[in-house]
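Asker: From the sequence below, what's the structure:
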Amino acid sequence: MLYIIIAILIFGVLVAIHELGHFASAKALGVKVNEFAVGMGPALLKWEKGETLYSLRALPIGGFCAMEGEDDDSSDPRSFGRAAWWRKAVILCAGAFMNFLTGLVIMAVLYAPAQGFLAETYGGPLEGYGTEDCGLLAGDRFLSVDGHRVMVYGNARFYLDRAGETIDFVVERDGQRLELKDVHLPYQERTDAEGNFTRLRGLTMGATADPANFLDKLAYAWWTAVDFVRVVWVSLSDLVTGAVGLRDMSGPVGIVNIMGEVGSQSPTLYDAALNLGYLAAFIAVNLAVMNLLPLPALDGGRVFFLVLNGLLYGLFKKKIDAKYEGYVHLAGLAAFMCLMLAVTLSDVGKLFGR
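Answerer: Residues are numbered from 1 along each chain as shown. Next comes the predicted model:
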């Protein structure tokens, strides 16, 4: 229960940080903010400073930034609706930026005590698979697998598992960068004497350790955050192509449950903190990517309409009526809420083994 509570708080803080990005950028760019709230539901504490009402609310599940003229027409010259297009774009993107920055900072903190980082290498062929002459040599350091750059430890194995029978590699061998094209490494199925089934490519993975200074740690934190973005895109691609389905998705209930399990199954409190921190960083970057998707009701959808209106005005001196744009976002919000309901019901079903 403790870890579930911590997970809920982490999730709420990440959403609040997203709203903080909108708030800070709006203030910096001169857009009027009527209210900034941490948490949702009934207000526990309110205070007014300048033109903005600040509130602390009962439910620790996010927050909001209410800007003047954000959802309706306002005659106030400092309203969001009357701001220059570039100011709107910056404000809309600032929430995602803050989430990405949060993930980056968390990873930098987690990597601070590290003495070095592991890098994946080719360990050698498995006997009986016919992969001895594949072109790879034991100790080759993977730089790219199937066109995907190896940024952090685990990337080589991940993209190797997803690749087809023929794979392109870029490796480092004796300090030299080598490209290996069309390496034939099909999956082969085996059943051992005890009847255990395996499906392998016939190679083993090794690792080498690289010492790390302060700049190396910052760089590794950066590449980890960038890799999180890439993982989200891969997951979205799998969803679109049907490789994964609704059952494989998780909403807030599923995420909190996963974080609770990770925390409770960690052998020590220190390990729990590390694991929850890593998950928090991944979720933060995930929120950044998802919010910038060009879909109605999301920040990315509103940025899309900004760009579209700019093009239409440049070509035809006309813009889409704000009323119709509002209808599109309302429909998108309804669809998004239906999806969230379906995912939440699926998450609840998983909790009860259904």
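
Asker: Would it be right to say that Glu325 lies in a helix?
Answerer: Yes: judged by DSSP: H, G, I helix; E, B strand; the rest coil, Glu325 forms part of a helix.

Asker: Tell me the spacing between the nearest residue to it once chain neighbours are set aside and Gly30.
Answerer: Leaving aside its chain neighbours, Glu325 sits nearest to Phe305 (5.4 Å; criterion: Cβ to Cβ, 6 or more residues apart in numbering). Using the backbone N, CA and C atoms, a C-beta is placed for each residue, glycine as well. Using Cβ to Cβ, to the nearest Å, one obtains 22 Å as the distance from Phe305 to Gly30.

Asker: So between these two, which is more surrounded?
Answerer: Set side by side, Phe305 and Gly30 show more neighbours around Phe305, with 19 against 10, by other Cβ atoms under 10 Å.

Asker: Contact partners for the more buried one?
Answerer: 320, 325, 328 (Cβ atoms under 8 Å, 6 or more residues apart in numbering).

Asker: Buried ones from the residues you listed, can you make that a PyMOL selection?
Answerer: Entered in PyMOL, the line below selects the buried ones among these, by 16 or more other Cβ atoms under 10 Å:
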select buried, resi 325
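
Asker: tell me which of the contacts of Phe305 is nearest to Ser250?
Answerer: Val328 (27.1 Å; Cβ to Cβ).

Asker: Wasn't that closest one part of a strand?
Answerer: No: judged by three-state DSSP, Val328 forms no part of a strand; its state is helix.

Asker: how about the nearest residue to it once chain neighbours are set aside, secondary structure?
Answerer: Among residues not flanking Val328 along the chain, Pro296 sits closest, at 4.9 Å (Cβ to Cβ, 6+ apart). Going by three-state DSSP, the secondary structure assigned to Pro296 is coil.

Asker: Would you mind confirming that Pro296 makes contact with Ala334?
Answerer: No: contact between Pro296 and Ala334 fails when scored by Cβ atoms under 8 Å: they sit 9.5 Å apart.

Asker: Between those two, which has more neighbouring residues?
Answerer: Using other Cβ under 10 Å, the more surrounded residue of Pro296 and Ala334 is Pro296, with 21 against 12.

Asker: which ones are touching that one?
Answerer: 328-329, 331-333, 335.

Asker: Show me what the strand or helix carrying Ala89 is packed up against.
Answerer: Using DSSP states H and E, Ala89 sits within helix 85-111. Secondary-structure packing of helix 85-111 (3 or more Cβ pairs under 8 Å, 6 or more residues apart in numbering; DSSP states H and E): helix 2-28, helix 214-241, helix 269-291, helix 299-316.

Asker: again, only using 10 Å
Answerer: Judged by 3 or more Cβ pairs under 10 Å, 6 or more residues apart in numbering; DSSP states H and E, helix 85-111 is in contact with helix 2-28, strand 52-67, helix 214-241, helix 269-291, helix 299-316.

Asker: Tell me which of the ones you listed sits nearest to Asp140.
Answerer: Nearest to Asp140, of these and by Cβ to Cβ, is helix 214-241 at 20.2 Å.

Asker: list the buried ones in the closest one?
Answerer: In helix 214-241, the ones that count as buried by 16+ other Cβ under 10 Å are 217-218, 220-221, 223-228, 230-232, 235.

Asker: what secondary structure does Lys318 sit in?
Answerer: Reduced to three states by three-state DSSP, Lys318 is coil.

Asker: Which residues are in contact with it?
Answerer: Residues in contact with Lys318 (Cβ atoms under 10 Å, 6 or more residues apart in numbering) are 309, 312.

Asker: Check the spacing between it and Leu308 real quick.
Answerer: 11 Å.

Asker: ditto for Gly130
Answerer: In terms of Cβ to Cβ, Gly130 sits 55 Å off from Leu308.

Asker: Isn't His329 up against Glu70?
Answerer: No: in this structure, His329 is not within contact of Glu70 by Cβ atoms under 10 Å, at 11.2 Å.

Asker: between those two, what contacts are shared?
Answerer: Counting by Cβ under 10 Å, 6+ apart, the residues touching both His329 and Glu70 are Arg302.

Asker: State the number of residues packed around Ala335.
Answerer: 13.

Asker: List the contacts of it.
Answerer: 295-297.

Asker: tell me the least confident of the residues you listed?
Answerer: Lowest pLDDT of the contacts of Ala335: Ala297, 87.

Asker: wait, that residue sits on Leu333?
Answerer: Yes: Ala297 is in contact with Leu333 according to Cβ under 10 Å; the separation is 4.0 Å.

Asker: quick one: which of the two has more around it?
Answerer: Just comparing Ala297 and Leu333: by other Cβ under 10 Å the higher neighbour count belongs to Ala297, 17 against 14.

Asker: which residues sit in contact with the more buried one?
Answerer: Counted by Cβ under 10 Å, 6+ apart, Ala297 has contacts 328-337.

Asker: so how far is Arg149 from it?
Answerer: 33 Å.

Asker: same question, Leu315
Answerer: 38 Å.

Asker: More neighbours: which of these two?
Answerer: The residue with more neighbours, out of Leu315 and Arg149, is Arg149; 15 against 8, by other Cβ under 10 Å.

Asker: Tell me which helix or strand the closest residue to that one other than its chain neighbours sits in.
Answerer: Closest residue to Arg149 apart from its sequence neighbours, by Cβ to Cβ, 6+ apart: Leu143 at 7.2 Å. Element membership for Leu143 (DSSP H and E) is strand 141-145.

Asker: Show me what that strand is packed against.
Answerer: Using 3+ Cβ pairs under 10 Å, 6+ apart: strand 141-145 touches strand 116-125, helix 155-162, strand 166-173, strand 176-184, strand 203-211.
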